[in-house]
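Trainee: next come a sequence and a model predicted from it.
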Amino acid sequence: MKKTILVAGATGNLGKRIVKVLLEKGAEVRAIVRLGTDSKKADHLKHLGVQVYQVDMMNMTEIRKACEGVS
């Protein structure tokens with residue numbers, strides 16, 4: 001069973017590197033990105049096969065939903 005890993009800040013410099021390594025290791029990657037993040041950055045992650053959750057970081061309900069089922 002693949003692990004699902006949640007990466008916060010996946011559109012940033014370090015976050016992009018972490019996502020790449022996790023994908024290479026066969027993990028399912030979920031990214032939590034701030035609402036209003038450049039859509040090109042989010043689309044790039046989606047193209048790689050990452051599940052992208054754009055959330056309002058002040059909304060705990062949205063954050064909890066993004067965290068459901070992660071390893």
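Mentor: Done, it's in. Bear in mind the structure is a predicted one, so any value in this text is a computation, not a measurement.
Trainee: pLDDT-wise, which helix or strand of this structure ranks last?
Mentor: In the chain, no helix or strand scores lower on mean pLDDT, DSSP states H and E than helix 39-47, which sits at a mean of 91.
Trainee: that one - contacts with which helices or strands?
Mentor: strand 28-34, strand 51-55 (3 or more C-beta pairs under 8 Å, 6 or more residues apart in numbering; DSSP states H and E). (Glycine included, C-beta is placed from N, CA and C.)
Trainee: could you pull out the buried residues of the first one?
Mentor: Neighbour counts over strand 28-34 (16 or more other C-beta atoms under 10 Å) mark 28, 29, 30, 31, 32, 33 as buried.
Trainee: which residues does the fifth one contact?
Mentor: What it means is residue 32. Listed by C-beta atoms under 8 Å, 6 or more residues apart in numbering, the contact set of residue 32 reads 6, 7, 8, 10, 53, 55, 63, 66, 67.
Trainee: and it, bridged to which residues?
Mentor: The partner list for residue 32 in beta bridges (DSSP bridges) reads residue 8, residue 53.
Trainee: coming back round to it: list the buried residues in the least confident helix or strand of the chain.
Mentor: So for helix 39-47, counting by 16+ other C-beta under 10 Å, buried means 41, 42, 44, 45.
Trainee: related to what we said a few turns ago, can you redo the buried residues of strand 28-34 as CSV with distance to residue 59?
Mentor: Formatted as CSV, the buried residues of strand 28-34 follow (distance: C-beta to C-beta, whole Å):
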residue, distance to residue 59
28, 24
29, 22
30, 17
31, 17
32, 12
33, 13
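Trainee: how about the residues you listed in CSV, adding pLDDT?
Mentor: Formatted as CSV, the buried residues of strand 28-34 follow (pLDDT from 0 to 100):
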residue, pLDDT
28, 96
29, 97
30, 97
31, 96
32, 93
33, 91
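Trainee: for this structure, give me the ranges with low pLDDT.
Mentor: 1 (pLDDT under 70).
Trainee: wait, what's in contact with the residue nearest the centre of the chain?
Mentor: By C-alpha atoms, centre = their mean, the chain has its centre lying nearest to residue 31, at 0.5 Å. When contacts are counted by C-beta under 8 Å, 6+ apart, residue 31 touches 6-8, 10-11, 15, 19, 42, 45, 50-53.
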